[in-house]
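[1] fold the following and give me the result.
(one chain, ligands or ions: 2)
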Amino acid sequence: MEKPAVQESGLLIPLIDFSKFLHGDPSQRVETAKAILTGFQTAGFIYLSNIPTPPSTLTHVFDMSAKFFQLDTATKASLAWTVPEANRGYSAPRREKVTQLTDSAAVDALRSSFPDMKESFEIGRQDEPWHHPNHWPPETPGNQLTGFKQTMLDFCAQLKALHTDVMRAIAVGMALPDESYFDRFVCDGDNTLRLLHYPAVSRDLFQLNPGQVRAGEHSDYGSITFLFQDGRGGLQVKSPEGKFVDAAPIEGTCVVNAGDLLARWSNDTIKSTVHRVVEPPGKEGDGEGGTYPARYSIAYFCNPNFKDWIEAIPGTYATDADKKYEGINSGEYLLQRLTATY
Ligand SMILES: O=C(O)CCC(=O)C(=O)O
Ligand SMILES: [Fe+2]
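    Ligands and ions are numbered 1, 2, ... in the order given. Model prediction:
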């Protein structure tokens, strides 16, 4: 096993070569699957290297994302995120305040004090049957967005397949009789691609407002999230000792974290760990008038099929009395969570 990606304050996030699961011999596959499951059970986070998506694709997707956020405010506003049921479109800075709070008055108070300094664009399943189509920006040579839609759809297709593969690794790690156990739960691709832009920000802002963050602490909602970050840094994961620990970008890897619904599905044998984005570590803000440069990241939030009923995975409980949660419909669960934060 490689050197851990993060090891601090009781938080050990492993770095795992995913090609050994995809293409390794039988013993490498099992060993890798176990390492993945252990990472989700202990840290709730892992880093994967050697995923099938090549670095050139990621560079292109990041490039398109940056061009998207350069669109003028009116064009972005015309693509606005509207309702949780759709969960598609553009959110301007200040719109979403991710938090653990579920009381909407408390969320409003928090939003007005320390807005998250970010804008985002969400893309959902394109073949959706619910009449909530994606919002696509105009593609012109002038705005350099030619091919944006196809690039994002191709990327979603690759990550949908990767979701299936990581769930297969979890099934192997759990020693479920069938490694395809989760396939039928993830085949619809009810997932969301989120492009994120954290604009450049003055270092003073963080010094003047000790509570200021780029994205507030939260856990993700679904099964797993794939997170691609640029080189800026600022992502932090909460350790078992309650300290926020840097989860620094490592080139050629993506971060994968388990979400709340997978924790629930696994009868709490898998952890959905709180994380946030803060001012970047190091001295970057010391130059050029004390400004931190913009940060870009891309998250792909995976969910079990919205139509599916989610109850404890076989092997995560001995008797029915050990089941910690009632069954729940995946789509309703996600909608409840989105309704609380927007
Ligand atoms: O931008 C990041 O690195 C993290 C974003 C995140 O955690 C989220 O959008 O759920
Ligand atoms: Fe997150």
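
[2] tell me, how many residues neighbour the residue of the stretch 151-300 of the chain found nearest ligand 1?
    Across the stretch 151-300 of the chain, no residue is closer to ligand 1 than S297, which sits at 3.5 Å (CB to the nearest ligand atom). Quick note: C-beta positions are derived from backbone N, CA and C, even for glycine. S297 is flanked by 25 other residues according to other CB atoms under 10 Å.

[3] show residues contacting stretch 162-178.
    Stretch 162-178 is contacted by residues 18, 21-22, 29-30, 32-38, 40, 48, 51-53, 179-183, 185-187, 189, 191, 223-224, 226, 256, 270, 300, 302, 313-316 when judged by CB atoms under 8 Å, 6 or more residues apart in numbering.

[4] could I get the average pLDDT for that stretch?
    Throughout stretch 162-178, pLDDT has a mean value of 98.

[5] same question for stretch 65-74.
    Averaging pLDDT along stretch 65-74 gives 97.

[6] now do stretch 279-287
    Mean predicted confidence for stretch 279-287 is 69.

[7] before we move on, what about stretch 330-341?
    Here stretch 330-341 scores 94 as its mean pLDDT.

[8] next one: that stretch, is it in contact with ligand 1?
    No. Judged by CB under 6 Å from any ligand atom, stretch 330-341 stays clear of ligand 1, getting no closer than 10.3 Å.

[9] next, the buried residues of that stretch.
    S330, G331, Y333, L334, L335, R337, L338, T341 (16 or more other CB atoms under 10 Å).

[10] that older thread, now, the contacts of stretch 162-178 that are in strands?
    L48, I224, F226, V256, Y300 (DSSP state E).

[11] in the sheet, who's paired with the second one?
    On the basis of DSSP bridges, I224 takes part in beta bridges with A258.

[12] get me the contact residues on the stretch 51-200 of the chain for ligand 1.
    R194, L196.

[13] try 5 Å this time
    Contacts of the stretch 51-200 of the chain with ligand 1, taken as CB under 5 Å from any ligand atom, map to L196.

[14] now the strands: where do they sit in the stretch 51-200 of the chain?
    With DSSP state E, counting those that start in this stretch as the criterion, the stretch 51-200 of the chain has strands at 89-91, 119-123, 192-198.

[15] could I get the ones you listed in TSV, plus columns for mean neighbour count, mean pLDDT and distance to M174?
    Below are these laid out as TSV (neighbours: other CB atoms under 10 Å; pLDDT from 0 to 100; distance: least, CB to CB, whole Å):
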stretch	mean neighbour count	mean pLDDT	distance to M174
strand 89-91	22	97	36
strand 119-123	23	97	31
strand 192-198	22	97	26
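
[16] kindly reformat those strands as JSON lines containing distance to L153.
    Listed next are these as JSON lines, based on distance: least, CB to CB, whole Å:
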{"stretch": "strand 89-91", "distance to L153": "16"}
{"stretch": "strand 119-123", "distance to L153": "8"}
{"stretch": "strand 192-198", "distance to L153": "9"}
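
[17] S219 is nearest to which of these?
    With CB to CB as the measure, strand 192-198 is the member of the strands of the stretch 51-200 of the chain nearest S219 (15.2 Å).

[18] now do the helix or strand following the closest one: which elements does it pack against?
    Following strand 192-198 in sequence order, the next helix or strand is strand 201-202 (DSSP states H and E). Contacts defined by 3 or more CB pairs under 8 Å, 6 or more residues apart in numbering; DSSP states H and E place strand 201-202 against strand 291-292.

[19] what average pLDDT does the strand it packs on get?
    Averaging pLDDT along strand 291-292 yields 87.

[20] other SSEs contacting that strand?
    Judged by 3+ CB pairs under 8 Å, 6+ apart, the packing partners of strand 291-292 are strand 201-202.

[21] got the contact list for the strand it packs on?
    M117, R214, E279, G289, G290, T291, Y292.

[22] for it, which strands pair with it and how are they oriented?
    strand 291-292 (antiparallel).

[23] centre of the chain versus the partner strand, how much separation?
    Computed by CA atoms, centre = their mean, to the nearest Å, the chain-centroid distance of strand 291-292 equals 25 Å.

[24] lowest-scoring secondary structure element of this structure by mean pLDDT?
    Least confident element among the helices and strands of the chain, by mean pLDDT, DSSP states H and E: helix 104-113 (a mean of 56).
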